[in-house]
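Enquirer: below: sequence and its predicted model.
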Amino acid sequence: MSFRKIEPTELPGNVIDEVCNKWMLLAAGKEDDFNFMTINWGMIGELWFKPAVTVYVRHSRHTFGYMEDNDMFTLTSLKPGHQKALQLAGSKSGRDIDKLKESRLTAAVVDGCPTFEEAAYTLVCKKMYAQELPPENCTDQPIFDRAYETPDYHKMYIGQIVAAYVND
């Protein structure tokens with residue numbers, strides 16, 4: 001494994017495709033105590049003159065507590081061949097299983113934040129803003145109803161991308 005720091009604007013590939021179709025891993029916590037989950041909702045761009053990401057975490061997710069308790073988080077795009085790990089990370093809870101062991105991913109650390117040796121690239125993010133997504137704020141009720149069959153709503157986190165690493 002060899003992580004090489006790059007500018008966020010130098011990210012390889014189509015980032016929209018990475019989030020929506022190939023999925024990414026969101027990890028929060030410390031080197032010796034973290035949790036991760038699959039995301040396929042999110043945005044990458046610029047906010048307040050900074051490169052930024054927006055991620056959404058349901059209150060019921062084990063990762064939610066880690067997001068609340070930590071100022072930093074990572075987004076990781078895995079190299080091809082890890083679809084089973086992505087599926088497991090999105091369907092099983094770290095409360096119930098050892099996700100790292102079950103996913104067969106290998107923990108790594110960049111800038112004190114958790115990532116994975118199987119990473120194609122990792123974004124290190126610092127929380128800038130967080131807000132609940134209550135139903136009364138939605139202006140497209142049919143899509144909201146489709147996204148939330150139960151009232152397990154998301155909290156939105158916006159993070160400044162403070163570092164980006166490709167894994168050569």
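Expert: Great, that's in hand.
Enquirer: continuing past the helix-or-strand element of the chain with minimal mean pLDDT, what's the next helix or strand?
Expert: Least confident element among the helices and strands of the chain, by mean pLDDT, DSSP states H and E: helix 15-17 (a mean of 78). Moving toward the C-terminus from helix 15-17, the next helix or strand (DSSP states H and E) is strand 24-30.
Enquirer: can you name every helix or strand that that next one contacts?
Expert: In terms of contacts (3 or more C-beta pairs under 8 Å, 6 or more residues apart in numbering; DSSP states H and E), strand 24-30 is packed against strand 33-39, helix 62-69, strand 72-78, strand 113-116. For the C-beta atoms, the positions are set from N, CA and C on the backbone; glycine is no exception.
Enquirer: and residue 157, which of the ones you listed is closest to it?
Expert: Between residue 157 and the helices and strands packed on strand 24-30, the shortest gap by C-beta to C-beta is with helix 62-69, which sits at 6.0 Å.
Enquirer: export the closest one as CSV, just CAs?
Expert: The C-alpha trace of helix 62-69 is given here as CSV (Å, rounded to 0.1, in the frame of the first residue of the first chain):
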residue,chain,number,x,y,z
HIS,A,62,-23.9,2.4,14.2
THR,A,63,-21.8,4.9,12.3
PHE,A,64,-24.1,7.7,13.4
GLY,A,65,-22.6,7.8,16.9
TYR,A,66,-19.1,7.9,15.4
MET,A,67,-20.1,10.8,13.2
GLU,A,68,-21.5,12.6,16.1
ASP,A,69,-18.5,12.0,18.4
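Enquirer: just the angle between that helix and strand 72-78, please?
Expert: For helix 62-69 against strand 72-78, the angle by axes from the mean of the first three to the mean of the last three C-alpha atoms, to 10 degrees is 140 degrees.
Enquirer: in helix 62-69, what counts as buried?
Expert: Residues of helix 62-69 classed as buried: 62, 63, 64, 65, 66, 67 (neighbour count, 16 or more other C-beta atoms under 10 Å).
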